[in-house]
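Peer 1: Provide a 3D model corresponding to the input given below.
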Amino acid sequence: MENSTDFVQWLRSVAPYIHAFRGKIFVVAFPGELVTAGDLTVLAQDVSLLHALGIRIVVVHGSRPQVEEQLALRNVEARFHNGLRITDSAALECAKEASGELRLDIEAAFSQGLPNTPMAHATIRVISGNFVTARPLGVIDGVDLQLTGQVRKIDSDTIHPILQAGGIVLLSPLGFSPTGEAFNLTMEDVAVSAAIALHAEKLIFLTETPLMSDAADVPIRELASHQAEAVLQAGFLSPEAAFYLRSTIKACNAGVSRAHMVPFQTDGSVLLELFTHDGIGTMLTYENVESLRVATIEDVGGILKLIEPLEADGTLVKRGRELLEREIHYFSVIEHDGVIFGCAALYPFPQEKMGEMACLTVNPEVQAQGDGERILKHLEARAREAGLTKLFVLTTRTSHWFLRRGFTLAGVDALPKDRQHLYNWQRKSLVLIKNL
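Peer 2: Predicted structure coming up:
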């Protein structure tokens, strides 16, 4: 009975992720090392499960160890410059050979249908083709990279209908020019370009590198893109990890909502990263520091203009300019082109390790653009940085919005003692609490 209860609770806990991910595009990229390690079959099973949940999947494979093997068989020397392969005609033939064999192996892995396996009753079409247009990288630092290229364009107009029809798209690290030339590409370049072109919800790199850690060997679970830039500049990452991180930064800065770097050595790593709260990898998010930031005294006028209509109709407690000026350091704002479109405040109660989020407001003209969600995530991050473990709100009209985002109803007695004394029994605000 206990096991049955655990299973039901687990299934209920992952249901919100299933609803959120259905119909979204995920780009899943993995290096050739994953195939060498013998993990391709398990990955195919896990990706097939994502596909069965209604997620639209683009798979991108790498091939570096397989190319190295082909070069060795042909007695061709491998040459690199700044981590990029110098691809002459012989090396290109090796890259073609390696990608061709890998494509067949991947298609075979997705074609399994044996009873008593996760692939039973699964019929999955894997579609590959000339979806990647490329151009030569040319001469860098005086070194001609020859047939090493970079992505010029991803044929998103062709890929989208395939995904909508239930197919999985497979991209190899090869591209073609309009003149018919083939170019050797990096898996990371293809994956990032595909995620950007397809407006993917997530880019997931399964990496041969371990979980990213900081200089003190503390695991890095989540980074904003500007924080990731600082990690790169600090210089403590391995070259391989730094290359992945640069790729995820590029993706997030170009509009990909989330990018993940997940070590593939753990069985079920993709599923653990996507369907557990903390995941097992490093997640990168985009936060525009120009538009989402801690408020300053110069923002008081903009905040007042934003919240006055809600104060007038009783949605928000009235705040005068003087009070707002005194408390401005508790506020965060989101702005576009210098105009404040959203705000919220975080009032800490350190003794109970709790924080109150108050005055969450978004201009009605942009409420459908997700700014409220971004402000909430920003304040959650501020709360964690302050050592707080719970976030609570008091609301009379927007409880459903918070309930959908992980808050649960609680009583007044769940508030910090000091906040209980200030509770307004005439307003009868609902109390909602979220564990951070």
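Peer 1: now what about stretch 297-311, what contacts it?
Peer 2: With contacts defined as C-beta atoms under 8 Å, 6 or more residues apart in numbering, stretch 297-311 is touched by 295, 316-319, 321, 324-325, 328, 331, 333, 335, 339-343, 359, 361, 363. In short, each C-beta sits where N, CA and C put it, glycine included.
Peer 1: ok, 7 Å please
Peer 2: 295, 316, 318, 321, 324-325, 328, 331, 333, 340, 343, 359, 361, 363 (C-beta atoms under 7 Å, 6 or more residues apart in numbering).
Peer 1: Over to stretch 260-269?
Peer 2: By C-beta under 7 Å, 6+ apart, stretch 260-269 touches 30, 34, 39, 42, 46, 202, 204-212, 244, 248, 270, 272-273, 280-283.
Peer 1: Kindly report the same for stretch 172-187.
Peer 2: 29, 31, 60-63, 85, 87, 92, 95-96, 99, 103, 128, 130, 132-136, 147-151, 190.
Peer 1: Kindly recompute the last result at 6 Å.
Peer 2: 29, 60, 62-63, 87, 92, 95, 99, 130, 132, 134, 147-149, 190 (C-beta atoms under 6 Å, 6 or more residues apart in numbering).
Peer 1: So which of the residues you listed sit within strands?
Peer 2: 29, 60, 132, 134, 149 (DSSP state E).
Peer 1: For ChimeraX, write the select line for the buried members of these.
Peer 2: Selection of the buried residues among the ones in strands among the contacts of stretch 172-187 in ChimeraX, burial being defined by 16 or more other C-beta atoms under 10 Å:
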select :29,60,132,134,149
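Peer 1: what's in contact with stretch 428-436?
Peer 2: Under C-beta under 6 Å, 6+ apart, the answer for stretch 428-436 is 380, 383-384, 389-396, 399, 402, 406-407, 409-410, 412.
Peer 1: Let me have the ones in strands among the contacts of stretch 172-187 in JSON lines, adding distance to A216 as columns.
Peer 2: Below are those laid out as JSON lines (distance: C-beta to C-beta, whole Å):
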{"residue": "A29", "distance to A216": "29"}
{"residue": "V60", "distance to A216": "33"}
{"residue": "V132", "distance to A216": "40"}
{"residue": "A134", "distance to A216": "41"}
{"residue": "G149", "distance to A216": "39"}
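Peer 1: Confidence-wise, which of the contacts of stretch 172-187 comes last?
Peer 2: Least confident entry in the contacts of stretch 172-187, by pLDDT: T87, with 89.
Peer 1: in the sheet, who's paired with it?
Peer 2: For T87, the beta-bridge partners are Q146 (DSSP bridges).
Peer 1: Pull the number of nearby residues for it.
Peer 2: T87 has 24 neighbours, counted by other C-beta atoms under 10 Å.
Peer 1: swap in P348?
Peer 2: For P348, using other C-beta under 10 Å, the count is 17.
Peer 1: who touches A78 in this structure?
Peer 2: By C-beta under 6 Å, 6+ apart, the residues touching A78 are L71.
Peer 1: Check the gap between it and R85 for me.
Peer 2: Plainly put, A78 is 7 Å away from R85 if you go by C-beta to C-beta, to the nearest Å.
Peer 1: ok, G372 touching N363?
Peer 2: No. Using C-beta atoms under 6 Å, G372 is not in contact with N363; the gap is 10.2 Å.
Peer 1: Now intersect the contacts of stretch 428-436 with the helices, please.
Peer 2: In this view, the contacts of stretch 428-436 that belong to helices under DSSP state H are 380, 383-384, 399, 402.
Peer 1: Let me know the closest of those residues to A234.
Peer 2: In terms of C-beta to C-beta, no member of the ones in helices among the contacts of stretch 428-436 lies closer to A234 than R384, at 20.9 Å.
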